[in-house]
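K.L.:
What would the 3D arrangement of this be:
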Amino acid sequence: MLDGFGERRIATGEAELYVRIGGAGPPLVCLHGYPQSHLTWRKVAPALAERYTVVLPDLRGYGASEIVPSDEAHVAYSKRTMARDVVALMSALGWERFFLAGHDRGARVAYRLALDSPERVAALATLDIIPTLETWEAIDYRRAYNAYHWQFLAQPAPLPERLIGSDPEWYCRQQIGAWFEDHGAADEAALEAYCRAFARPGAVHAACEDYRAGYTCDLEADRADREAGARIDMPLLALWGAGADGRRNAHFPAVWERWARDLTLQGLRCGHFLMEELPGETSAALRAFFDRYA
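P.N.:
Down below sits the predicted model:
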């Protein structure tokens, strides 16, 4: 997977990140989500690399990146801290300004980076999320049922760690499978790689800390920005998986209009994993967007 992409390990000062790099041209960082790794971009990155230098890191605690110690306030796995990792990574690679795309948890890191360090981001794409504060506020009984993991993983340690730890590879496989609309898009080699990384000692705890941060310090950061009237200044593309029948189109536009000044909206008829279910349409949407500003 990802032939032609080099491999590096880069110390950011707070964590050592595993990263794949390929292509040539302006730098484009692509961040993955839970419970995956950089490999979620494997079907899209080669097309992006025809025009951009594509940088695919594993977030701290995920994939092959360092699992850093946690803390009582969950700051070590906050999106603000993960965003600093990305800034330091790109500085180490020689780029002070870059394009940025993120899916799932990676999109939360991406918009936090854009809010905290707007001078570093030329344009931003978020895939299948709305901001964390808005997500929590929108959870009713239907969403709570379908997104139970938000509440479960945020429970105090060691409850989720003990339960998932009995068979982490099974849990990882089951969780990813539940979010695909096109189950044929979930190829076995990638699934095995995700589950193997998720079963590393400490990886389940790191993922739980990611979600605990999402219930505490990430929420506080979003609330502070919203109360201050802060908005994302650079061009933003909000992509989402609308479902085969377009049923998920309703709330994404209205939410992102409150957070962004220069907004492009597009729903794709697929499930949560846009890059794996509709790689051609996803890469075309990302290319068309970033090419405007390259």
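
K.L.:
As a check, name the ranges of all helices in the protein.
P.N.:
Using DSSP state H, the helices found in the chain span residues 45-48, 79-92, 105-116, 132-138, 141-146, 148-153, 159-165, 168-179, 188-198, 203-215, 217-228, 251-259, 274-277, 279-291.

K.L.:
in the last one, what's buried?
P.N.:
Buried positions in helix 279-291, judged by neighbour count with 16 or more other CB atoms under 10 Å: 279, 281, 282, 283, 285, 286, 287, 289, 290. Placement of C-beta: from N, CA and C, glycine included.

K.L.:
Tally up the residues packed near the closest residue to the fourth one other than its chain neighbours, please.
P.N.:
Closest residue in space to residue 283, ignoring its immediate chain neighbours: residue 47 at 4.0 Å, by CB to CB, 6 or more residues apart in numbering. Neighbours of residue 47 under the rule other CB atoms under 10 Å: 18.

K.L.:
Residue 47 against residue 282, yeah?
P.N.:
No: under the criterion of CB atoms under 8 Å, residue 47 makes no contact with residue 282, lying 9.1 Å away.

K.L.:
if we can go back for a sec, rebuild the buried residues of helix 279-291 as TSV, extending it with pLDDT and distance to residue 145.
P.N.:
Output for the buried residues of helix 279-291, formatted as TSV (pLDDT from 0 to 100; distance: CB to CB, whole Å):
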residue	pLDDT	distance to residue 145
279	97	29
281	98	29
282	98	27
283	98	32
285	98	30
286	98	31
287	98	36
289	98	33
290	98	36
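
K.L.:
contacting residues around the residue nearest to residue 62 when sequence neighbours are not counted?
P.N.:
Once flanking residues are discounted, residue 62 sits nearest to residue 37: 5.7 Å by CB to CB, 6+ apart. Listed by CB atoms under 8 Å, 6 or more residues apart in numbering, the contact partners of residue 37 are 58, 62, 63, 64, 193, 194, 197.

K.L.:
go with 7 Å
P.N.:
58, 62, 63, 193, 194, 197 (CB atoms under 7 Å, 6 or more residues apart in numbering).

K.L.:
Just the closest of those to residue 88, please.
P.N.:
Closest to residue 88 out of these is residue 58 (14.6 Å), distances taken as CB to CB.

K.L.:
Could you verify my assumption that the closest one touches residue 66?
P.N.:
No: assessed by CB atoms under 7 Å, residue 58 is found out of contact with residue 66, at 9.2 Å.
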